[in-house]
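S.K.: The sequence and its predicted three-dimensional model are supplied below.
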Number of protein chains: 2
Amino acid sequence: MESIHQQILAHIARHVSLTAAEQELFTSLLGIRRLLRKQFLLQAGDICRYESYVLEGCVRSFFVDDKGVEHTLHFALEDWWITDLESFLHQTAAQVNIEALTPVTVLQLDKPSLERLYTEVPVFERFFRILHQNAYLAQNRRILNNISLSGEARYIDLLERYPQLAQRVPQKYIASYLGITPVFLSQIRARLGHREGD
Amino acid sequence: MESIHQQILAHIARHVSLTAAEQELFTSLLGIRRLLRKQFLLQAGDICRYESYVLEGCVRSFFVDDKGVEHTLHFALEDWWITDLESFLHQTAAQVNIEALTPVTVLQLDKPSLERLYTEVPVFERFFRILHQNAYLAQNRRILNNISLSGEARYIDLLERYPQLAQRVPQKYIASYLGITPVFLSQIRARLGHREGD
DNA sequence: CGTCTATTTGAATGTACTCAAAAGCGGTGG
DNA sequence: CCACCGCTTTTGAGTACATTCAAATAGACG
């Protein structure tokens, strides 16, 4: 069976084991959504209804501050989840936007479905515990970088840690993720001699 | 029964329900540890054996960079958990230190005990999922602050979000948490007119 | 009271930002 | 095929924010 769900089941299987029946239930709860470049998966002010799993393509979540400047919180490539967790958990107005940077296909799980999963297939408690644990570890590293490294050092770290990202994402979004201006990132790159190719 | 474990059981009960037997098992797995000010709960290089729950007092975790500068990752006051999650999960050498800022009493759960809990009392999967979820939300806010706000704005936000912290923790640690120098924090405070009292 | 550490103050420096303009890079249509 | 448009990246100059270094002051503890 060559289904659209193979990919996410393989992803789940990397962390926990599901019976065939559990797989069946899980995939029956998933929606699918396709977006073109520049379309929004979530707009600030709306309630975030889904956790989205990226099958294909690239998205980012970002916050627009009172001066109108965008700050990128996260990117998600293939096999990454993305959501506004705050909005999703409490079903309150989102503060962030989620936007497709390329044509994108995502699988979506809404909150009632997730809660049903938690009660009917408790191993998903474990799965999402592990997922959140890993997210927390990544966040920790990012915070440490932000409070201890210069813009240049943070950029170098990003290049080493997520080499594919720098290839696929416009520079200005990388800058807004690192917490620097696009102009400054360009200067950094000039200093480094454009080392993406090494 | 007026036990040392009342406090942590109340904390757990805020998120999940345990039977008396489950409470019994859980508390039997907990160790207790008391530290004086300036003593270390964890030293970089050692393996972090425990998740620690603060009953009383105040601790911080911090990283020392190659220049010898300390960067505070987290504080933990009463009813907060603290650990080096990376080191704890993988049982690898810790990169961070955890130090008592006041005399402290903590309850500790080691990894084998935690894993036993996960299998014998699966509701703890849920408990720690929620805990990590909340930690992740807090980290998200902190990252957003770091990439979008000035040092002054981050300090004001900290004062509003954790008013008790600024009272109880020496300023230089607040500075190292915010990612600024103690000198600069002092200047900020001079500008603001020392508004802790308002 | 004296010592140790934390905080404040001041001056010089450097890092990153703003503003402005130029150059590069697709895509689209004539 | 080339010209033009919109958007991203680069370059340059001036500015602001935050740092370093040094010294003075204030607080905590024995």
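M.R.: Arrived safely, thanks for sending.

S.K.: Also compute the angle for the lengthiest helix in chain A relative to helix B:123-148, please.
M.R.: Across chain A, the longest stretch assigned as helix under DSSP state H is helix A:123-148. Taking axes from the mean of the first three to the mean of the last three C-alpha atoms, to 10 degrees, one finds helix A:123-148 and helix B:123-148 inclined to each other by 30 degrees.

S.K.: Same question for helix A:123-148: list its buried residues.
M.R.: Taking 16 or more other C-beta atoms under 10 Å in any protein chain shown as the basis for neighbour counts, the residues of helix A:123-148 that come out buried are A:123-133, A:135-137, A:139-140, A:142-148. Where C-beta positions appear, they are placed from N, C-alpha and C, glycine not excepted.

S.K.: same deal with stretch A:25-42?
M.R.: A:25-27, A:29-30, A:35, A:41-42.

S.K.: Rebuild those residues as TSV, extending it with pLDDT, distance to DNA strand C and secondary structure.
M.R.: Rendered in TSV, the data for these read as follows (pLDDT from 0 to 100; distance: C-beta to the nearest atom of the strand, whole Å; DSSP: H, G, I helix; E, B strand; the rest coil):
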residue	pLDDT	distance to DNA strand C	secondary structure
A:Leu25	97	41	helix
A:Phe26	98	37	helix
A:Thr27	98	34	helix
A:Leu29	98	36	coil
A:Leu30	98	31	coil
A:Leu35	94	17	strand
A:Leu41	96	22	strand
A:Leu42	97	25	strand
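
S.K.: Identify, from those, the entry nearest to chain B.
M.R.: If you rank the buried residues of stretch A:25-42 by distance to chain B using C-beta to the nearest C-beta, A:Leu42 comes first, at 14.6 Å.

S.K.: Tell me which helix or strand A:Arg33 sits in.
M.R.: Counting by DSSP states H and E, the secondary-structure element that holds A:Arg33 is strand A:31-35.

S.K.: quick one: contacts of that strand?
M.R.: Contacts to strand A:31-35, defined as C-beta atoms under 8 Å, 6 or more residues apart in numbering or on different chains, come from residues A:4, A:41, A:50, A:52, A:57, A:59, A:100, A:103-110.

S.K.: 10 Å instead?
M.R.: Among residues not part of strand A:31-35, those counted as contacts by C-beta atoms under 10 Å, 6 or more residues apart in numbering or on different chains are A:4-5, A:39, A:41, A:49-50, A:52, A:55-57, A:59, A:98-100, A:102-110, A:113.

S.K.: May I have the helix or strand bottoming out on mean pLDDT in chain A exported as CSV, CA atoms only?
M.R.: Ranked by mean pLDDT, DSSP states H and E, the helix or strand of chain A with the weakest confidence is helix A:163-168, at a mean of 91. Extracted C-alpha coordinates of helix A:163-168, given in CSV (Å, rounded to 0.1, in the frame of the first residue of the first chain):
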residue,chain,number,x,y,z
PRO,A,163,23.1,23.5,5.9
GLN,A,164,20.0,22.8,3.7
LEU,A,165,18.1,25.7,5.2
ALA,A,166,20.5,28.4,4.0
GLN,A,167,20.2,26.9,0.6
ARG,A,168,16.5,26.9,0.4
